[in-house]
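Peer 1: next comes the sequence, and after it the predicted model I'd like to discuss.
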There are 2 protein chains.
Amino acid sequence: MEIATRVWNHRWKIDPIVRSLIDTDFYKLLMCQSVYHNRRDTQVTFSLINRSSNVPLAKLIDEGELREQLDHIRSLSLTRGESTWLRGNTFYGKRQMFRPDFMEWFENLRLPPYFLERVGDQYELTFEGSWPEVMLWEIPALAVLMELRGRAVLNHMGKFELQVLYARAATKLWEKIERLRGQPGLKIADFGTRRRHSFLWQDWCVQAMVEGLGDGFTGTSNCLIAKNRDLEAIGTNAHELPMVYAALAEDDEALARAPYDVLADWHREHEGNLRMILPDTYGTEGFLRNAPDWLAGWTGIRIDSGDPETGAEIAIRWWQERGEDPREKLVIFSDGLDEEKILELYHKFAGRVRVSFGWGTLLTNDFRGLTPDDRLAPFSLVCKAISANGRPTVKLSDNPNKAMGPAEEIARYKRVFEVGEQERHEVVV
Amino acid sequence: MEIATRVWNHRWKIDPIVRSLIDTDFYKLLMCQSVYHNRRDTQVTFSLINRSSNVPLAKLIDEGELREQLDHIRSLSLTRGESTWLRGNTFYGKRQMFRPDFMEWFENLRLPPYFLERVGDQYELTFEGSWPEVMLWEIPALAVLMELRGRAVLNHMGKFELQVLYARAATKLWEKIERLRGQPGLKIADFGTRRRHSFLWQDWCVQAMVEGLGDGFTGTSNCLIAKNRDLEAIGTNAHELPMVYAALAEDDEALARAPYDVLADWHREHEGNLRMILPDTYGTEGFLRNAPDWLAGWTGIRIDSGDPETGAEIAIRWWQERGEDPREKLVIFSDGLDEEKILELYHKFAGRVRVSFGWGTLLTNDFRGLTPDDRLAPFSLVCKAISANGRPTVKLSDNPNKAMGPAEEIARYKRVFEVGEQERHEVVV
């Protein structure tokens, strides 16, 4: 009985962290399809950026092990069951969300090569190639680095010390869930794939949310977990769309229009809950001020940087100005949430708008305070498009600490998008 | 693979709590051998006594389930591996602790019938028959009632709620272990079989102690766990020996001598670490005052009721008066310990005597504060010899709250053993 399992397990040369191409965020696949249809020939470079320079990834993680994990991801292809699930499932009430031509392309996909180099105590990890292929590296690359860093710490712990570590982490999450439950209409989804402690831990967290929150848990952004646990896959779109569209703009006028071009493409493809505006890429205020009227008819706005209350108030005012009833609009908060912030925002906005939360890192990786020196605390790692067809990308967001791109381009974007003084917020995770 | 396991598990009509005759305290087997050789024909009655009347066992536990568990215990016999372990193992450095005639008897033993009746919200559970047979019911009967009461609470909990419950309990124990470790020479054994939360939980606690305390963990009183985990089995003797010997005494003079007769029999059979005095059955002060000189040569004293510091000081003074060096003597504390009390006693007595701890209920069943209404908190359940050859037994101990027996007999014993005023201590577990 157990013998066969053990023999099987011993065959693995490594313990693979990412074992499926759909162990990724749902919005990646939605965006990938959109990119595949609209901009498939765009050449992009994605790069890993560790915003927490105090975490010396190259000292913690063996380069050989990292390469093994990344090579393993390159060996993955969509399984028949995964393909069936994507083709046959109903997402946000809609059948055949993924069209046959995209699915055929996806079924034949292997992820493109990666480029890895140690520079000081950090790794430079980049991916180059056609946009729809390269973009699918983002989530698995982040998950691999996060989990390898965790393993480097866990390797030195005893069996029962490990059990107690997970016992403490489980208790910590459960206490958050206990504080969150019983709030009528509170809706929360798991957005924690990219910076999760590990796959198994994310899977545990999701199941705990199912039992603890019941209907208050709307689903997970992780497609593999959604499939395995029969849950809703959650997500819409992200900054990479306006960032790449903007980089491709030929002049300032085209640049100013780029974020709306993204959503015009999106508008043609999607409706209902998928029509979510992510307005902060180049400053929320300017984006909404200059937005075409049809955008006010969209379902809602996701608030992913800056002060979330301010962001929500700006959105509410904008809807009112455009003659929309904010009470029918959806606001999704998704930036650096923990249960206290969730409850605070819920109490402030429930009733004024429809409120929902995309809970990420502090759902699936709150190991803060559980080890000496806090060596398992999550840190701020991202993997972003840094160039498109040879031109640098820029992100501003509503928090200058999250801005990225060459300084002169940042200045240009600030001018074009009429971004004034911005408030700085510490980036925790 | 898993199919066969599940089919196998479905065959069980019940989930048996006690699955082995050596899932019991080591001292029970040592005493059983002594009784088998010295008093095998004594007819005794053992009875369950729930000192926590606020725990309505008969309301919580289904009588049918209780009978099934007790019936299952009656179906058990010593397995070949268990017999081999008892025959072949070295206990306290001595080979063949259990002699062939005793082992042959034990191999053929089935536990005698039980008598169960519901009276109000409690169960009357008694066992009658020859002493060496009946005495082996004590530990499994207690373990069954404790675990059935736990199951009655756990049955209403969700899967993740359960996981978090155990996560919290594990964390709680680990934090105790963290406070206990790093104290040079601190020695602790598991004495928690009888009032454990469950067998699996005790097994977990023991393994956590092994990893967390290292050499500071000396072993477990549970023979099955000692065998499975390759640990020392720990224990010597208990109150039932003087209680039954005393009940059998024909007159006051014989009564006064009974506790020493017990130890004279023990002296012939054992040496070294097994020569431990349990002086409190009829009051520690009187026992030591009237003790024969050869007892002062024994290895140590176990302190199991009353104020432990007072008990240890009395022992130290007694050794000094008898010309013994207390620093060479062993004091084992075993009454109602938790990690704070252990540390307090350790700091007070380390260096003055050799100190050791038998940690029971709050090691293997500290579920206090982990459920609403504290429905999993341990409670004070005992199973005692209440009569021998038709005469009632009496226990006084150093705490009047632990005294048992008919009032007139208690008065007689107090007179014979010259027990004066006693300090009352709350019995927690």
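Peer 2: Happy to help now that I have it.

Peer 1: list the contacts for residue A:350?
Peer 2: Residues in contact with residue A:350, defined by Cβ atoms under 8 Å, 6 or more residues apart in numbering or on different chains, are A:185-186. All C-beta spots, glycine's among them, are computed from the backbone N, C-alpha and C.

Peer 1: one more time with 7 Å
Peer 2: By Cβ atoms under 7 Å, 6 or more residues apart in numbering or on different chains, the contact list for residue A:350 reads residue A:185.

Peer 1: burial count for whatever residue of the stretch 301-429 of chain A ends up closest to chain B?
Peer 2: Going by Cβ to the nearest Cβ, chain B is nearest to residue A:370 of the stretch 301-429 of chain A, at 10.0 Å. Neighbour count for residue A:370, taken as other Cβ atoms under 10 Å in any protein chain shown: 18.

Peer 1: for the closest residue to it other than its chain neighbours, pull up the helix or strand it's in.
Peer 2: In this structure, residue A:370 finds its nearest non-sequential neighbour in residue A:168, 5.2 Å apart by Cβ to Cβ, 6 or more residues apart in numbering or on different chains. Assessed by DSSP states H and E, residue A:168 sits inside helix A:159-180.

Peer 1: just checking, next helix/strand downstream of that helix?
Peer 2: Downstream of helix A:159-180, the first helix or strand assigned by DSSP H and E is strand A:188-190.

Peer 1: check which helices and strands that next one is in contact with.
Peer 2: helix A:199-213, strand A:217-220, strand A:354-359 (3 or more Cβ pairs under 7 Å, 6 or more residues apart in numbering or on different chains; DSSP states H and E).

Peer 1: neighbouring contacts of that strand?
Peer 2: By Cβ under 7 Å, 6+ apart, the list of residues contacting strand A:188-190 reads A:180, A:205-206, A:209, A:213, A:216-222, A:234, A:342, A:357-359, A:363-364.

Peer 1: can you rerun that using 8 Å?
Peer 2: Applying Cβ under 8 Å, 6+ apart, the external contacts of strand A:188-190 come out as A:180, A:202, A:205-206, A:209, A:213, A:216-222, A:225, A:232, A:234, A:342, A:356-360, A:363-364.

Peer 1: next one: stretch A:43-51
Peer 2: Here stretch A:43-51 has contacts from A:57, A:122-131, A:134-135, A:137-138, A:141-142, A:145, A:244, A:379-390, A:404, A:427, using Cβ under 8 Å, 6+ apart.

Peer 1: quick revisit: I figured the residue nearest to residue A:370 hits residue A:371, correct?
Peer 2: No: the criterion here is Cβ atoms under 8 Å, and residue A:168 misses it with residue A:371 at 9.5 Å.

Peer 1: what's around residue A:35, how many residues?
Peer 2: Neighbours of residue A:35 using other Cβ under 10 Å come to 23.

Peer 1: now do the buried residues in stretch A:122-131.
Peer 2: A:122-123, A:125-131 (16 or more other Cβ atoms under 10 Å in any protein chain shown).

Peer 1: save these as a markdown table, and put in pLDDT too.
Peer 2: Listed next are these as a markdown table, based on pLDDT from 0 to 100:
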| residue | pLDDT |
| --- | --- |
| A:122 | 97 |
| A:123 | 97 |
| A:125 | 98 |
| A:126 | 98 |
| A:127 | 98 |
| A:128 | 97 |
| A:129 | 97 |
| A:130 | 98 |
| A:131 | 98 |
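
Peer 1: so what's the residue nearest to residue A:370 up against?
Peer 2: A:370, B:167, B:171.

Peer 1: quick check on residue A:425: phi, psi?
Peer 2: The phi and psi torsions at residue A:425 (degrees, to the nearest 10) take the values phi -130, psi 140.

Peer 1: tell me how far residue A:96 lies from chain B.
Peer 2: 34 Å (Cβ to the nearest Cβ, to the nearest Å).

Peer 1: for residue A:140, same thing?
Peer 2: 27 Å.

Peer 1: ok, that residue touching residue A:24?
Peer 2: Yes: the pair residue A:140 / residue A:24 is scored as a contact, 6.4 Å apart, by Cβ under 8 Å.

Peer 1: state the distance from the residue nearest to residue A:395 when sequence neighbours are not counted to residue A:393.
Peer 2: Nearest in space to residue A:395, with sequence neighbours left out and distances taken as Cβ to Cβ, 6+ apart, is residue A:404 at 4.9 Å. Residue A:404 is 8 Å from residue A:393, where distance means Cβ to Cβ, to the nearest Å.

Peer 1: shared neighbours, these two?
Peer 2: Here residue A:404 and residue A:393 have A:384, A:386 as joint contacts, going by Cβ under 8 Å, 6+ apart.

Peer 1: just for chain A, where's the confidence low?
Peer 2: A:1-2, A:5, A:8-12 (pLDDT under 70).

Peer 1: domains of chain A?
Peer 2: Taking automatic domain parsing as the domain assignment, the ranges for chain A are A:16-155+A:380-393, A:162-364.

Peer 1: tell me the most buried of these?
Peer 2: domain A:162-364 (a mean of 20; mean count of other Cβ atoms under 10 Å in any protein chain shown).

Peer 1: OK, contacts around residue A:110?
Peer 2: Contacts for residue A:110 were tallied using Cβ under 8 Å, 6+ apart; they are A:74-77.

Peer 1: actually, residue A:245.
Peer 2: A:39, A:258-259, A:261-262.

Peer 1: chain neighbours aside, what residue packs nearest to it?
Peer 2: residue A:258 (4.3 Å).

Peer 1: now do the SS call for that neighbour.
Peer 2: helix (DSSP: H, G, I helix; E, B strand; the rest coil).

Peer 1: quick one: the strands in the stretch 1-150 of chain A?
Peer 2: Using DSSP state E, counting those that start in this stretch, the strands of the stretch 1-150 of chain A run over A:43-50, A:90-91, A:94-95, A:114-119, A:122-130.

Peer 1: strands paired with the first one, and their directions?
Peer 2: So the one you mean is strand A:43-50. Paired neighbours of strand A:43-50 in the sheet (DSSP bridges): strand A:122-130 (antiparallel), strand A:381-388 (antiparallel).

Peer 1: who does the following helix or strand past the last one touch, helix- and strand-wise?
Peer 2: Per DSSP H and E, the first helix or strand lying C-terminal to strand A:381-388 is strand A:391-392. Helices and strands in packing contact with strand A:391-392 are listed as helix A:240-248; criterion 3 or more Cβ pairs under 8 Å, 6 or more residues apart in numbering or on different chains; DSSP states H and E.

Peer 1: between the helix it packs on and strand A:43-50, how big is the angle?
Peer 2: 120 degrees (axes from the mean of the first three to the mean of the last three Cα atoms, to 10 degrees).

Peer 1: nearest residue to residue A:382 other than its sequence neighbours?
Peer 2: residue A:49 (5.1 Å).

Peer 1: what residues does the one helix or strand residue A:346 maps to touch?
Peer 2: Assigned by DSSP H and E, residue A:346 falls within helix A:339-349. Helix A:339-349 is contacted from outside by A:176-177, A:179-180, A:183, A:186, A:188, A:308-309, A:312, A:331, A:333, A:355, A:357, A:359, using Cβ under 8 Å, 6+ apart.
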